[in-house]
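Asker: structure of the sequence below:
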Amino acid sequence: MVDTIRTIRLITKWGANMALGRRRPVVAVFSMTHYCNFYCPMCPFGDPDKEGQIRLAKTSDLTTQQWKTVFDKVSKYCVWCIIEGGEPTSRPDFMELIEYLHSIKMPITLITNCSLLHTIDLTNLRKYIQFVTCSIDSTYEEPYCKVRGVSPHMFGRVMDNLRLLTTHEVPHYFNSVITKFNTQEFIDQTYFDRAKDLGASAISLTFVEDRSDVEYSLLPDREAMVDVCRSVLDYMKKPGSLRMLIPSEYFQQIIEHGRTLFDECGVWKSIFVNGNGTVIVPCWKYNSPENTHSLLEKSIDEIWDAPEWDIARTCHDCKVLGCIWTSSQPIQTIARSYMRGMSKVIGQYRPDLQEVT
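Answerer: Predicted coordinates for the structure are as follows:
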């Protein structure tokens, strides 16, 4: 059950800080580990050197107690938290950390590639989280394997695990990164029908934002992007369609301008904690020692008062990254769209939690 009183108190605190000109985070993102068992080319965790990733995770990932210290600090500011990775379910203490977040009344979204869900007690998981975000870029084997860099066997395992979520009545929705490999199923809308068959209650879509540290591009050409956007907007109007968690304005702007538009990057509204406990200000594009702060050593107030945040006022480098565009919208727009979608996700499996909206 989401603690409504806690949420109201933190939102009031956030609003008071804004009135005084102090920016503070309202959502927390915890990147739980440097390791991921997938090879996604659009993600730095897709590095093929998995042995190197494991060594890095063993030496750099926060310990269980260190993560709990971070959670305690962040819970004084943020109304919600997102658990991601790397692949968070690969941590041996994954359930212990989830249970701890629940004990300090932090509502939880889990983002996972779903490959290891069969190793987790899903009945127990359902007690502690609000919903699972399933990273499912394609519902077809060939494009899924291309986008995720995995074998057909792994695709089969993920599909089986999605059915396990439904069997155990764990609220979940699908998130897809649209690349040049998977546009067709959004244009012909088969992705949505197949997602519904796999138990998804809602969909979140965003185009891939090409990495600056690689020479290749995964972004579809402009014509394909427009076709996808028009098809998504058409699907959103259909009776009985799955809830779209990204507002229609995102797709409309890409059709009209070839990118999204916003006055100022809103990355400061979230605190993104790396697997080693650091926060990069204002974001990963400015990864340097002088822009990196340890949350184990500094307070959130100290980090959020850092002058580097001013970079976000003028940076518009992210052209189609959905999370950046969404966070750059007025807080009322974010809350309205997000909670409308979540009411459908939660309500299908957990009528007792619908009061959060």
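Asker: now the helices for the chain?
Answerer: 4-19, 50-60, 64-74, 94-103, 122-128, 141-148, 152-167, 184-187, 190-197, 222-236, 248-257, 300-304, 322-327, 331-349 (DSSP state H).
Asker: now do Lys105 against Asp72, distance only.
Answerer: 12 Å (C-beta to C-beta, to the nearest Å). For glycine as for every other residue, the C-beta is placed from the backbone atoms N, C-alpha and C.
Asker: with Thr278 instead?
Answerer: Counting by C-beta to C-beta, the separation of Thr278 from Asp72 is 17 Å.
Asker: point out where this structure drops to low pLDDT.
Answerer: Applying pLDDT under 70 to the chain picks out residues 1-2, 331-357.
Asker: mind checking how far the residue most central in space within it is from Phe30?
Answerer: The chain has Ile111 as the residue nearest its centroid, 6.0 Å off, counting by C-alpha atoms, centre = their mean. With distances taken as C-beta to C-beta, Ile111 is found 10 Å from Phe30.
Asker: give me the neighbour count for the nearest residue to Ile104 once chain neighbours are set aside.
Answerer: Sequence neighbours aside, Ser75 is the residue nearest to Ile104 in space, at 5.0 Å (criterion: C-beta to C-beta, 6 or more residues apart in numbering). Residues contacting Ser75 under the criterion other C-beta atoms under 10 Å number 17.
Asker: go ahead and confirm Ser75 touches Met106.
Answerer: Yes: with contact defined as C-beta atoms under 8 Å, Ser75 reaches Met106; the gap is 5.3 Å.
Asker: so which of Thr278 and Asp72 has more stuff around it?
Answerer: Thr278 (22 against 12).
Asker: isn't that one right up against Lys298?
Answerer: No: the criterion here is C-beta under 8 Å, and Thr278 misses it with Lys298 at 10.0 Å.
Asker: ok, Lys319 - contacts?
Answerer: Going by C-beta atoms under 8 Å, 6 or more residues apart in numbering, Lys319 touches Glu209, Gly258, Arg259, Thr260.
Asker: compare these and tell me which has the most neighbours.
Answerer: Most surrounded of those: other C-beta under 10 Å gives Thr260, at 23 neighbours.
Asker: the residue lying closest to that one once chain neighbours are set aside: neighbouring residues, count only.
Answerer: Nearest residue to Thr260, sequence neighbours excluded (C-beta to C-beta, 6+ apart): Trp325, at 4.2 Å. Neighbourhood size, Trp325 [other C-beta under 10 Å]: 24.
Asker: going forward, begin numbering at 498 instead of 1
Answerer: Right, with 498 as the first residue, what we last looked at is Trp822.
Asker: who touches Trp822 in this structure?
Answerer: For Trp822, the contact set (C-beta under 8 Å, 6+ apart) comprises Tyr747, Gln750, Thr757, Phe759, Cys815.
Asker: same deal with Tyr597?
Answerer: So Tyr597 contacts Lys565, Phe568 (C-beta under 8 Å, 6+ apart).
Asker: so it versus Phe568, what's the distance?
Answerer: Applying C-beta to C-beta, the value for Tyr597 to Phe568 is 6 Å.
Asker: ditto for Thr509
Answerer: 21 Å.
Asker: neighbour count winner among these two?
Answerer: Using other C-beta under 10 Å, the more surrounded residue of Thr509 and Phe568 is Phe568, with 20 against 10.
Asker: count the neighbours of the closest residue in space to Glu787 that isn't next to it in sequence for me.
Answerer: Spatial nearest neighbour of Glu787, excluding adjacent residues (C-beta to C-beta, 6+ apart): Glu805 at 7.8 Å. As a burial measure, Glu805 scores 17 neighbours (other C-beta under 10 Å).
Asker: list the contacts of Glu805.
Answerer: Glu805 neighbours (C-beta under 8 Å, 6+ apart): Val778, Pro779, Tyr783, Glu787, Asn788.
Asker: cutoff 7 Å now
Answerer: Going by C-beta atoms under 7 Å, 6 or more residues apart in numbering, Glu805 touches Val778, Pro779, Tyr783, Asn788.
Asker: okay, these in TSV with neighbour count next?
Answerer: TSV is the format used below for these (neighbours: other C-beta atoms under 10 Å):
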residue	neighbour count
Val778	23
Pro779	20
Tyr783	15
Asn788	19
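Asker: wait, which of these is closest to Leu715?
Answerer: Tyr783 (22.5 Å; C-beta to C-beta).
Asker: might one say that that closest one is in contact with Thr789?
Answerer: No: taking C-beta atoms under 7 Å as the definition, Tyr783 is not a contact partner of Thr789, at 9.1 Å.
Asker: what is in contact with these two at once?
Answerer: Joint contacts of Tyr783 and Thr789 (C-beta under 7 Å, 6+ apart) are Ile777.
Asker: returning to that earlier point: overlap in contacts, Ile608 and Phe527.
Answerer: Taking C-beta under 7 Å, 6+ apart as the criterion, Ile608 and Phe527 both touch Ile580.
Asker: hang on, Thr789 packs against Gly774?
Answerer: No: Thr789 is not in contact with Gly774 according to C-beta under 7 Å; the separation is 10.5 Å.
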